[in-house]
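Asker: Turn this into a model:
(one chain, ligands or ions: 1)
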Amino acid sequence: MPRSTVARIDLEALRHNYRLASERAAPALSMAVVKADGYGHGIVPVAQALADDAPKYAVACLGEAEAIRDAGLLQPVVMLQGVHAPEDFGLCARRGFEPVVHGHHQLDWLAQTGARPAFWLKVNSGMNRLGFQPDELVQVMTRLDAMGARPGLLGFVTHFACADDDKSSMTREQTLCFEQATAAWPELMRSVGNSAAHFIHDQPLYDWSRPGIMLYGGSPKLAQTGPELGLKPVMSLEAPLITTRTVRAGESIGYGAGFVADRDTPMGMVAIGYGDGYPRHAGTGTPAAVNGQRIRLLGRVSMDMLAVDLSNAPDAKAGDLVELWGGAVAVDEVASCAGTISYELLTGITARVPRVYI
Ligand SMILES: Cc1ncc(COP(=O)(O)O)c(C=O)c1O
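Answerer: Next comes the predicted model:
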């Protein structure tokens with residue numbers, strides 16, 4: 001019998017979160033960001049579950065766009081990182097993918113190959129990862145006209161660096177920069193807005209927003225959890241207790257013997273570890289839940305196991321399922337205990353953990 005460590009995926013919660021994003025973005029439309037295997041939830045099941053609601057998907061790269069198309073889904077797929085090789089433009093044109101063009105080398109490839117996909121131009125409004133500088137856009141448009149690629153241009157995208165932080169003025173500055181940079185082409189569409197931007201009062205989202213983490217119930221804001229923003233957790237990560245025991249006062253648990261019990265402590269071992277993607281940096285005190293009771297981790301996370309304190313759940317026994325995150329413990333709480341963000345935890349669940357769809 002396989003071990004019962006699973007990531008249960010609630011597709012109704014996913015749809016709820018997408019609808020919340022769309023309502024907040026309206027009148028902008030929302031492309032569902034399903035890159036990184038649907039933030040670890042499974043790109044195809046996630047895209048299928050959103051197929052009746054989402055008019056477009058967004059992914060990072062070509063392989064992810066192909067996975068969506070191979071599953072029979074017909075919506076356009078925006079490739080946020082664009083193409084990595086010239087020949088990929090032809091594939092985009094044939095399969096209805098919309099690459100983001102962010103550099104002069106990609107303009108060269110467009111000119112060389114003659115492929116004419118629908119595409120977006122990325123504007124670097126301050127993130128400084130990808131994109132043309134605002135003052136380059138006139139020159140870029142002239143090049144597109146000269147090579148006959150201008151009819152495929154759908155519009156402009158930019159990405160915010162600090163939308164998660166209400167105290168930062170950077171989103172306002174980036175918005176202004178983007179507006180000014182693109183003002184000369186009002187006939188073209190504009191897309192800004194990761195999840196966090198959906199929760200900024202008066203933030204323009206123009207024609208298309210691009211929600212990612214909020215679809216999966218993770219919080220995009222520094223100061224609030226997903227549930228506080230009206231989001232429902234989509235992944236419930238569960239693993240069974242495989243033994244229980246009492247560790248005596250003065251005894252340690254696990255590698256490094258870093259946790260030493262200060263009193264006799266009922267504890268259990270749970271069949272999940274960093275080999276499953278559970279964060280090794282989640283230390284003593286990180287919350288989990290069993291049988292409706294919140295409990296805490298003890299000591300170091302091993303590759304296949306971790307220890308929990310069962311003082312709050314004395315009746316828990318081998319075979320009972322422990323929730324590592326989900327409805328009782330927000331993934332954001334675990335992320336904060338591990339010094340990371342929910343994005344990393346959700347995308348980090350390894351292939352050993354079966355995804356079970358509800
Ligand atoms: C260009 C771009 N747009 C949108 C998103 C979605 O961001 P979030 O998951 O914070 O909503 C990402 C994610 O990294 C991105 O890179």
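Asker: Leaving out sequence neighbours, find the closest residue to the residue in the chain that the ligand sits nearest to.
Answerer: Per CB to the nearest ligand atom, Gly212 is where the chain lies closest to the ligand, at 2.4 Å. All C-beta spots, glycine's among them, are computed from the backbone N, C-alpha and C. The shortest distance from Gly212 to any non-neighbouring residue, by CB to CB, 6 or more residues apart in numbering, is to Val33 (3.5 Å).
Asker: Near that neighbour, how many residues? Count them for me, please.
Answerer: Residues near Val33, counting by other CB atoms under 10 Å, number 26.
Asker: these two touch, right, it and Arg210?
Answerer: Yes. Counting by CB atoms under 8 Å, Arg210 is a contact partner of Val33 at 5.4 Å.
Asker: Identify the residues contacting the residue of the chain closest to the ligand.
Answerer: 33, 35, 39, 58, 194-195, 343 (CB atoms under 8 Å, 6 or more residues apart in numbering).
Asker: near the ligand too, which of those?
Answerer: 33, 194-195 (CB under 6 Å from any ligand atom).
Asker: returning to what we had before: contact partners for the residue nearest to Gly212?
Answerer: Contacts of Val33 by CB under 8 Å, 6+ apart are 39, 57-59, 80, 194, 210-212, 215.
Asker: Mind doing that once more with 10 Å?
Answerer: 21, 39, 54, 57-60, 78, 80, 194-195, 209-216 (CB atoms under 10 Å, 6 or more residues apart in numbering).
Asker: Bridged to it, which residues?
Answerer: Counting by DSSP bridges, Val33 forms beta bridges with Ala58.
Asker: Would you verify that Pro27 is located in a strand?
Answerer: No. Counting by DSSP: H, G, I helix; E, B strand; the rest coil, Pro27 is not part of a strand but coil.
Asker: burial measure for it, as a count.
Answerer: Other residues close to Pro27 by other CB under 10 Å number 7.
Asker: Let me know the pLDDT of it.
Answerer: Looking at Pro27, its pLDDT stands at 97.
Asker: just Thr158 next, same as before
Answerer: 98.
Asker: cool, Ala223 as well?
Answerer: Reading off the model, Ala223 has pLDDT 86.
Asker: Same check on Pro2?
Answerer: Per the predicted model, pLDDT is 74 at Pro2.
Asker: again, but for Gly148
Answerer: 96.
Asker: do the same with Pro86
Answerer: 97.
Asker: Let's verify Arg294: helix, strand, or coil?
Answerer: On the basis of three-state DSSP, Arg294 is classed as strand.
Asker: so how many other residues sit close to it?
Answerer: With other CB under 10 Å as criterion, Arg294 counts 14.
Asker: Relative to Val46, how far out is the residue of the chain closest to the ligand?
Answerer: 11 Å (CB to CB, to the nearest Å).
Asker: if I look at those two, which residues touch both of them?
Answerer: 32, 34, 38-39.
Asker: could the residues you listed go into JSON lines alongside pLDDT and neighbour count?
Answerer: Below are the shared contacts of Gly212 and Val46 laid out as JSON lines (pLDDT from 0 to 100; neighbours: other CB atoms under 10 Å):
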{"residue": "Ala32", "pLDDT": "98", "neighbour count": "27"}
{"residue": "Val34", "pLDDT": "98", "neighbour count": "29"}
{"residue": "Gly38", "pLDDT": "98", "neighbour count": "31"}
{"residue": "Tyr39", "pLDDT": "98", "neighbour count": "25"}
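Asker: Poorly predicted segments of the protein, please.
Answerer: Along the chain, segments meeting pLDDT under 70 are nowhere present.
Asker: Adjacent strands (with direction) for the longest strand seen in it?
Answerer: Counting residues, the longest strand found in the chain (DSSP state E) is strand 235-247. With DSSP bridges as the test, strand 235-247 is paired with strand 6-9 (antiparallel), strand 265-270 (antiparallel), strand 321-325 (antiparallel).
Asker: still on that earlier bit, shared neighbours of Val33 and Arg210, which are they?
Answerer: 21, 58, 78, 80, 194-195.
Asker: Show me these that map onto strands.
Answerer: 58, 78.
Asker: circling back: TSV for the shared contacts of Gly212 and Val46, including distance to Pro287?
Answerer: Output for the shared contacts of Gly212 and Val46, formatted as TSV (distance: CB to CB, whole Å):
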residue	distance to Pro287
Ala32	29
Val34	28
Gly38	25
Tyr39	21
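Asker: hang on, the earlier thing: how near is the residue nearest to Gly212 to Gly292?
Answerer: Val33 is 33 Å from Gly292, by CB to CB.
Asker: Met189 now?
Answerer: 48 Å.
Asker: Check Leu154 too.
Answerer: Taking CB to CB, one finds Leu154 at 49 Å from Gly292.
Asker: Likewise for Ser125?
Answerer: 47 Å.
Asker: Mind exporting the C-alpha coordinates of stretch 221-239 to PDB?
Answerer: Extracted in PDB, the C-alpha atoms of stretch 221-239 (Å, rounded to 0.1, in the frame of the first residue of the first chain):
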ATOM      1  CA  LYS A 221       0.500  40.700   0.900                       C
ATOM      2  CA  LEU A 222       3.200  41.000   3.600                       C
ATOM      3  CA  ALA A 223       0.800  41.900   6.300                       C
ATOM      4  CA  GLN A 224      -2.200  39.600   5.700                       C
ATOM      5  CA  THR A 225      -2.800  35.900   5.300                       C
ATOM      6  CA  GLY A 226      -4.700  34.400   2.400                       C
ATOM      7  CA  PRO A 227      -7.900  33.700   4.400                       C
ATOM      8  CA  GLU A 228      -7.800  37.300   5.700                       C
ATOM      9  CA  LEU A 229      -8.000  38.500   2.000                       C
ATOM     10  CA  GLY A 230     -11.000  36.200   1.300                       C
ATOM     11  CA  LEU A 231      -8.900  33.500  -0.400                       C
ATOM     12  CA  LYS A 232      -9.500  29.800   0.200                       C
ATOM     13  CA  PRO A 233      -6.500  27.400   0.600                       C
ATOM     14  CA  VAL A 234      -6.300  25.100  -2.400                       C
ATOM     15  CA  MET A 235      -3.600  22.600  -1.400                       C
ATOM     16  CA  SER A 236      -3.900  20.600   1.800                       C
ATOM     17  CA  LEU A 237      -0.700  18.800   2.500                       C
ATOM     18  CA  GLU A 238      -1.300  15.700   4.600                       C
ATOM     19  CA  ALA A 239       0.900  12.900   6.000                       C
END
